[in-house]
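Enquirer: Let me see the structure of the following:
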Amino acid sequence: MLKEEHPQVPKKKSAILQELDSFKRQEETLANMLAVDVWALAKTMDEFQPGFWSEFMKNRDKALKRFITEVIKSKRSVPNRPPFLR
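Expert: Numbers count the residues shown, from 1 in each chain. This next block holds a predicted model:
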């Protein structure tokens, strides 16, 4: 897979790229595990307290919107960039 993506890469760079690919896979695996854990917790709570899942998703949506708004506010504006990249 690595050689297909980077066919003309020297051995040192190849080793670094392999490590980076490994880190990316590990990070993706961790993210998937966390997603399953959150889902399992919410599903279990929904059994004990009906409606928990829908409230959880509403709060998640609000938090995500708030996070995006804060990131946009704190992002530095570069005047010579197109508006959609600012």
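Enquirer: residues near residue 41, how many?
Expert: 12 (other C-beta atoms under 10 Å). For glycine as for every other residue, the C-beta is placed from the backbone atoms N, C-alpha and C.
Enquirer: For residue 27, see how far away it is.
Expert: Using C-beta to C-beta, to the nearest Å, residue 41 is found at 21 Å from residue 27.
Enquirer: which parts of stretch 48-61 are buried?
Expert: Neighbour-count burial for stretch 48-61 flags 52, 56 (criterion: 16 or more other C-beta atoms under 10 Å).
Enquirer: name the element the residue nearest to the spatial centre of the chain belongs to?
Expert: Closest to where the C-alpha atoms of the chain average out (C-alpha atoms, centre = their mean) is residue 31, at 7.3 Å. Element membership for residue 31 (DSSP states H and E) is helix 11-48.
Enquirer: What count of nearby residues applies to residue 66?
Expert: Residues near residue 66, counting by other C-beta under 10 Å, number 10.
Enquirer: ok, for residue 43, nearest residue in space, not its chain neighbours?
Expert: Closest residue to residue 43 apart from its sequence neighbours, by C-beta to C-beta, 6 or more residues apart in numbering: residue 53 at 7.0 Å.
Enquirer: tell me the phi and psi of the one you found?
Expert: Residue 53 adopts backbone torsions of phi -60, psi -40, taken as degrees, to the nearest 10.
Enquirer: Look at it and report its pLDDT.
Expert: pLDDT recorded at residue 53 is 85.
Enquirer: and if you look at the one 4 residues further on?
Expert: The predicted local confidence for residue 57 comes out at a pLDDT of 88.
Enquirer: before we move on, what about residue 8?
Expert: Residue 8 carries a pLDDT value of 61.
Enquirer: next one: residue 67
Expert: 94.
Enquirer: now do residue 2
Expert: Per-residue pLDDT puts residue 2 at 46.
Enquirer: one step back: distance of the residue nearest to the centre of the chain from residue 72?
Expert: Distance of residue 31 to residue 72, computed by C-beta to C-beta: 23 Å.
Enquirer: where does the chain dip in pLDDT?
Expert: Within the chain, the stretches with pLDDT under 70 are 1-9, 77-78, 83, 85-86.
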